[in-house]
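# Any chance you could fold what I've pasted below:
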Amino acid sequence: METQTPLIDVVRKAVANSGEAGDDLLPSNRCLINLNGNAIISDLVAAVGKQSGNTPKAKAEAKGSRFAEPEDNFGSVGTFKELPSWKISPIDDQVIDVGTELYNRLKNTNLNENEGLTLKDFFGFINPYLLDLGNKLGLQAAKSSPATDINASLHLLQSMAPFLGNHVVNLIVRWCVTLKFWEPLEILLSQGLFSWHTCRDLVDKLVENNRGNLLCLYIKNTTDFRPADLLLLLRYFLRPKSDKTLASVRDAWRNEAHLAIKLASDMKIRCIKSNKLKTRSELYSLEFTAVLLAAAVDGFSAADLCLHCVVSSSPDETVLSSVISELDTAEVLKLLRYLGKWLTKYSKSHLTGPLPLAATPNTKISRWVPSLSLILEWVSLVFDEHYSSLVLFSEFHDELMSMEKMVKHYSNATEEWCSLASIVELLKSEARLPNISKFDSKEEHVVEYLSFS
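Okay, the predicted model is just below:
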C-alpha cells in the first residue's frame with residue numbers, strides 16, 4: 001500500500017535538493033508562492049524550522065510583506081522568496097471598491113420601504129456604480145445615459161454584471177424578484193450570475209408570477225436544483241396556467257429550428273459543389289440537427305418545450321426518483337403523454353442518439369433536445385415510482401399500450417443492430433473494411449446484411 005508523504009517532508013526535500021541539477025520536485029529557479037499567505041506561510045516556515053531544529057527569523061509583518069523573509073543560513077525559509085513585483089493591480093482594487101460600495105448600498109436599503117420603486121428609479125439607483133465600474137475598466141459599453149433610457153440601462157447592466165461579483169449580483173436578483181423587475185432579472189439569469197443558495201425563493205416567486213420564460217433560463221443556467229425546486233418546475237410545466245411569457249419560449253425554439261434548416265440547406269449546396277467527405281460529414285450533422293429540432297417543436301405545446309429543458313438538465317437519479325414519486329395521478333398521466341410523444345417521434349424518424357457535437361455550430365437550443373436514452377430513463381422512473389397506479393387506473397392503459405408497441409419496436413431493432421455491429425467489428429478487426437479516413441469521395445461502400453428470422 002502506497003503511503004502519502006506529508007507536505008512538510010515534501011518541502012524539506014525540495015529545499016535540500018533545490019541546488020541539485022535535474023531535480024523535478026522543485027527546480028532552483030522556482031519558488032512556492034501563496035498569494036494570500038501571511039498566516040499560512042509563517043506557520044509553515046515555523047513548522048519547517050521546528051523539524052530542522054533551527055529557529056527562523058521573526059515572522060514577516062502582515063502589513064510589510066505577503067511572504068516570509070528569506071534567510072541566508074536557513075534554506076527552508078529561503079524557499080519562500082519575496083516577490084516585490086507582485087501586487088494587486090490598482091484597477092482590481094478600484095473594481096473591488098465599487099462592488100463593495102454597491103453591495104453595502106443595496107444591503108443597507110430596506111426593500112419594504114421601496115415597494116413603489118419603478119424600474120427607472122432602480123436604474124437611477126445602480127447606474128452610477130455601473131458607469132463608475134465601466135470607466136475604471138475602460139470599457140466602451142460604459143456610456144453615460146439617463147436612467148429613463150431603459151434599453152441603454154439594460155445594456156449597461158448586461159456589460160457590467162460579470163464584473164460585479166456573486167454577492168452583488170445575488171442582491172440585485174433579490175431586488176428584481178421583490179420589485180418584479182423582470183427585464184434586468186432576465187439578463188442576470190441568462191448569464192448564470194446567481195446562486196440559488198442566496199436566492200432560495202427564486203423559483204417560488206417566478207412560479208407565483210407566471211414567468212415561464214425566466215424559469216427556462218433558470219433551468220439552463222443552474223448547475224443543480226433543490227429537489228423542491230425541481231418538483232415546482234415539473235408541476236408548473238405539466239399543469240401550466242395562463243402564462244403569456246411562454247409564447248417567447250416557443251418563438252425561440254422555432255427560430256432555432258429555422259436556423260438549423262437554413263444551415264443544413266446552405267451546407268447541402270456546398271456539398272454538391274465540393275463533393276468532399278468532410279463536407280458530407282458536416283452535412284449529415286446539420287441535417288440531423290435540423291430534423292431533431294423540427295421534431296422537438298412540432299406537436300409540442302409551449303409548456304412542453306420547457307419540459308424539454310427539465311428532462312435534458314439530467315438531474316441526479318435519486319433526486320429525480322423522489323420528485324417523480326410526489327406527482328399526483330393527473331400529473332403522471334400528462335408526463336407519460338409527453339414522454340410518449342418523444343417515443344413516437346424517435347420511432348418514426350430513427351433518430352436514436354444525442355446530437356452530434358459537430359451538429360450545433362450556431363444553434364443555442366440544440367443542447368436542450370432530450371435524447372432517446374433520457375426519455376427511456378424517465379419512462380423507467382415513472383414506472384418504478386407509480387407502478388401500482390399505472391396498473392390499477394384505467395386512464396393509464398391506453399398510454400401504456402401505445403408505449404409497449406414502440407418499446408417492442410426498439411427492442412427488435414436493437415437485436416438486429418447488435419448482430420450487425422458484431423459483424424462490422426469482426427470485418428474491421430480482419431482489415432476487410434477500409435478505413436473511413438481513406439475513403440475516396442467518389443466511391444460508395446455498402447455492407448449488406450441478410451437476416452434469416
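# which stretches of the stretch 51-200 of the chain have low pLDDT?
For the stretch 51-200 of the chain, the stretches flagged by pLDDT under 70 are 51-88, 112-115, 140-147, 196, 198.
# got the contact list for residue 242?
residue 210 (Cβ atoms under 8 Å, 6 or more residues apart in numbering). All C-beta spots, glycine's among them, are computed from the backbone N, C-alpha and C.
# distance of it from residue 407?
36 Å (Cβ to Cβ, to the nearest Å).
# count of neighbours near residue 285?
Residue 285 has 20 neighbours, counted by other Cβ atoms under 10 Å.
# element containing it?
Using DSSP states H and E, residue 285 maps to helix 277-297.
# So which bits of that helix are buried?
277, 279-280, 282-297 (16 or more other Cβ atoms under 10 Å).
# Was I right to think residue 268 contacts residue 283?
Yes: counting by Cβ atoms under 8 Å, residue 268 does reach residue 283; the two are 5.9 Å apart.
# name the helices or strands packed onto the helix or strand containing residue 159?
Under the criterion of DSSP H and E, residue 159 resides in helix 150-160. Packing contacts for helix 150-160, counted by 3 or more Cβ pairs under 8 Å, 6 or more residues apart in numbering; DSSP states H and E, involve helix 119-137, helix 182-190.
# Mean neighbour count and distance to residue 401 added to those helices, as JSON lines?
Listed next are the helices and strands packed on helix 150-160 as JSON lines, based on neighbours: other Cβ atoms under 10 Å; distance: least, Cβ to Cβ, whole Å:
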{"stretch": "helix 119-137", "mean neighbour count": "18", "distance to residue 401": "53"}
{"stretch": "helix 182-190", "mean neighbour count": "20", "distance to residue 401": "41"}
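# Return the residues in contact with residue 375.
Taking Cβ under 8 Å, 6+ apart, one finds 311, 339, 342-343, 346 in contact with residue 375.
# Might you list the low-confidence residue ranges for the stretch 351-453 of the chain?
351-364, 409-414, 416-417, 419, 427-453.
# Also the stretch 201-350 of the chain?
275-280, 349-350.
# picking up where we left off before, CSV for the helices and strands packed on helix 150-160, including distance to residue 396?
Converted to CSV, those look like this (distance: least, Cβ to Cβ, whole Å):
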stretch, distance to residue 396
helix 119-137, 47
helix 182-190, 36
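# looking at those helices, which is closest to residue 415?
helix 182-190 (45.0 Å; Cβ to Cβ).
# ok and that closest one relative to helix 150-160, angle-wise?
20 degrees (axes from the mean of the first three to the mean of the last three Cα atoms, to 10 degrees).
# ok, back up a step: which neighbouring elements make contact with the helix holding residue 285?
helix 246-274, helix 302-312, helix 329-349.
# Residue 223: which of these is closest?
Of the helices and strands packed on helix 277-297, the one closest to residue 223 (Cβ to Cβ) turns out to be helix 302-312, at 13.9 Å.
# helices or strands up against that closest one?
Checking 3+ Cβ pairs under 8 Å, 6+ apart, helix 302-312 ends up next to helix 212-220, helix 227-238, helix 246-274, helix 277-297, helix 329-349, helix 372-385.
# Just want the angle from the shortest one to helix 182-190.
Read it as helix 212-220. Using the same axes, to 10 degrees: helix 212-220 against helix 182-190 is 20 degrees.
# Give me the nearest residue to residue 312, chain neighbours excluded.
Nearest non-adjacent residue to residue 312, counting by Cβ to Cβ, 6 or more residues apart in numbering: residue 368, 4.7 Å away.
# Next, the contact list for the residue lying closest to residue 294 once chain neighbours are set aside, please.
Setting aside the residues directly before and after it, residue 294 is nearest to residue 257 in space (Cβ to Cβ, 6+ apart), at 5.3 Å. By Cβ under 8 Å, 6+ apart, the residues touching residue 257 are 290, 293-294, 296-297.
# Kindly reformat these as TSV containing distance to residue 156.
Formatted as TSV, these follow (distance: Cβ to Cβ, whole Å):
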residue	distance to residue 156
290	37
293	34
294	38
296	35
297	34
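# right, and out of the residues you listed, which lies closest to residue 376?
residue 296 (16.7 Å).
# Ramachandran coordinates for the closest residue to the closest one other than its chain neighbours?
Excluding the flanking residues, the one nearest residue 296 by Cβ to Cβ, 6+ apart is residue 369, at 4.9 Å. With angles defined as degrees, to the nearest 10, residue 369 shows backbone torsions of phi -90, psi 120.
# Do I have it right that residue 369 meets residue 291?
No: judged on Cβ under 8 Å, residue 369 makes no contact with residue 291 at a distance of 10.6 Å.
# Just to check, residue 248 is in contact with residue 213?
Yes: judged on Cβ under 8 Å, residue 248 makes contact with residue 213 at a distance of 5.1 Å.
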